[in-house]
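Undergrad: any chance you can model this:
(one chain, ligands or ions: 1)
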Amino acid sequence: MREIDFSKFSSIKIGPKVEVEEIDEADNLPKGVFLIGGANNLLISPNPPPLAMLSKKFDYIFEDEDGVHVGAAASGGKVLSYAKKRNLKGFELLQKLPGTMGGIVKMNAGLKEFCISDNLISVLVNGEKIAKSDINFGYRKSGIKGVIFEAVFAKKEGFSRELFEAFKSMRSNQPKLPSAGSCFKNPPNDFAGRLLEAAGFKGKRFENMAFSGIHANFLVNLGGGTYEEAITLINEAKKSVFEQFGIELELEIEIVARH
Ligand SMILES: Cc1cc2nc3c(=O)[nH]c(=O)nc-3n(C[C@H](O)[C@H](O)[C@H](O)COP(=O)(O)OP(=O)(O)OC[C@H]3O[C@@H](n4cnc5c(N)ncnc54)[C@H](O)[C@@H]3O)c2cc1C
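TA: Numbers count the residues shown, from 1 in each chain. Next comes the predicted model:
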């Protein structure tokens with residue numbers, strides 16, 4: 001067990017201090033728990049379900065003839081530094097993409113048309129190797145059920161400075177305040193940020209939470225913001241966008257609460 005204060009650990013700086021079970025092996029996985037990675041995409045309620053996370057044992061990177069093996073507890077930043085040093089391409093999108101490789105693969109995280117599954121070969125889920133072709137990767141989803149322990153990526157030479165710099169500049173409009181990244185998924189052929197802005201939510205504040213004035217699709221914590229405040233703003237925005245444009249916004253942030 002590891003005690004985690006989610007008001008410090010999570011990127012949005014909201015959540016209680018609770019015991020989190022550490023997973024050390026693929027056998028005997030805990031049941032009925034919500035698995036967390038780095039909590040960069042989560043909004044954790046004051047009364048969450050039991051939580052678990054991978055132990056440091058899964059924070060590794062090595063190469064062999066199959067490719068680049070990355071433990072799911074390794075951070076995206078660590079993998080990016082490794083790829084830069086070893087001159088490997090396909091990892092440039094990890095620039096300022098916060099999270100563990102488990103969370104990043106599960107969410108098929110990415111930016112614009114690039115996503116982490118582009119360069120993926122296989123994953124180890126609950127101790128079983130699954131080829132990429134057997135996984136239904138889509139926009140910010142993988143459909144993977146179970147615990148990702150490792151991801152194997154193609155080993156190709158040629159880390160691209162240009163792509164790396166392009167990702168850096170794509171992120172230049174992201175707010176610096178604590179957030180969990182994009183709040184809503186982009187609906188087909190549209191942008192959640194555009195809809196939120198058109199519905200009057202850019203910069204809209206409720207108590208200590210707000211939709212950023214820099215980028216409307218970032219729900220930011222102005223300092224001491226709470227779960228309830230975040231939920232209030234999310235619900236108001238969804239309702240208003242639906243009433244005005246007939247579009248049902250889908251959350252990209254995951255709400256972790258007992259149902
Ligand atoms: C400032 C900021 C910018 C961001 N920019 C982007 C962006 O450009 N693109 C983007 O896609 N996302 C972005 N995000 C969101 C976030 O970085 C990604 O969703 C990332 O994948 C979260 O990884 P995590 O380890 O923190 O996962 P968590 O937030 O802890 O969990 C996310 C999901 O992954 C699951 N999960 C975690 N670990 C595992 C595992 N080992 N096995 C199976 N499932 C697991 C969890 O159960 C949960 O469903 C941003 C977030 C922030 C704060």
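Undergrad: you'd agree residue 79 is up against residue 71?
TA: No. Counting by CB atoms under 8 Å, residue 71 is not a contact partner of residue 79; they are 9.7 Å apart. Any C-beta I mention is one placed from the backbone N, CA and C, and that applies to glycine too.
Undergrad: and the pLDDT for the residue nearest in space to the middle of the chain?
TA: Nearest to the geometric centre of the chain sits residue 41, at 4.3 Å (CA atoms, centre = their mean). We have a pLDDT of 97 for residue 41.
Undergrad: list the contacts for the nearest residue to it once chain neighbours are set aside?
TA: Leaving out its chain neighbours, the residue that sits closest to residue 41 by CB to CB, 6 or more residues apart in numbering is residue 180, at 5.4 Å. Residues near residue 180 by CB atoms under 8 Å, 6 or more residues apart in numbering: 10, 11, 12, 40, 41, 42, 43, 219, 253.
Undergrad: tell me which of the residues you listed fall in strands.
TA: 42, 43, 219 (DSSP state E).
Undergrad: intersect these with the contacts of the ligand.
TA: residue 42 (CB under 6 Å from any ligand atom).
Undergrad: in a markdown table, list the ones in strands among the contacts of residue 180 along with neighbour count.
TA: As requested, the ones in strands among the contacts of residue 180 are exported to a markdown table (neighbours: other CB atoms under 10 Å):
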| residue | neighbour count |
| --- | --- |
| 42 | 24 |
| 43 | 23 |
| 219 | 29 |
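Undergrad: please list the residues of the stretch 101-250 of the chain that sit near the ligand.
TA: 102-104, 106-107, 109-111, 140, 147-148, 174, 179-181.
Undergrad: now do residue 163 against residue 113, distance only.
TA: The gap separating residue 163 from residue 113 is 12 Å, by CB to CB, to the nearest Å.
Undergrad: for stretch 54-71, how far is the first residue from the last?
TA: 10 Å (CA to CA, to the nearest Å).
Undergrad: hmm, back to that, who touches the residue nearest to the centre of the chain in this structure?
TA: Shown in contact with residue 41 (CB under 8 Å, 6+ apart): 11, 99, 103, 107, 180, 181, 252, 253, 254.
Undergrad: checking residue 20 next. Helix, strand or coil?
TA: strand (DSSP: H, G, I helix; E, B strand; the rest coil).
Undergrad: residue boundaries of the strands in the stretch 51-200 of the chain?
TA: With DSSP state E, counting those that start in this stretch as the criterion, the stretch 51-200 of the chain has strands at 51-54, 61-64, 67-71, 110-111, 114-115, 120-125, 128-131, 148-153.
Undergrad: how about CSV for these, with mean neighbour count added?
TA: Output for these, formatted as CSV (neighbours: other CB under 10 Å):
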stretch, mean neighbour count
strand 51-54, 22
strand 61-64, 12
strand 67-71, 22
strand 110-111, 16
strand 114-115, 19
strand 120-125, 21
strand 128-131, 12
strand 148-153, 24
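Undergrad: isn't residue 39 up against residue 9?
TA: Yes. Contact criterion CB under 8 Å: residue 39 and residue 9 qualify, at 5.7 Å.
Undergrad: need the residues touching each of those two.
TA: Joint contacts of residue 39 and residue 9 (CB under 8 Å, 6+ apart) are residue 15.
Undergrad: more neighbours, the two?
TA: residue 39 (26 against 17; other CB atoms under 10 Å).
Undergrad: do you know the pLDDT at the spatially closest residue to residue 21 that is not a sequence neighbour?
TA: Closest residue to residue 21 apart from its sequence neighbours, by CB to CB, 6+ apart: residue 52 at 4.2 Å. For residue 52, the model assigns a pLDDT of 97.
Undergrad: helices - which of the residues of the stretch 101-250 of the chain next to the ligand land there?
TA: Counted as lying in helices by DSSP state H, out of these, are 102, 103, 104, 106.
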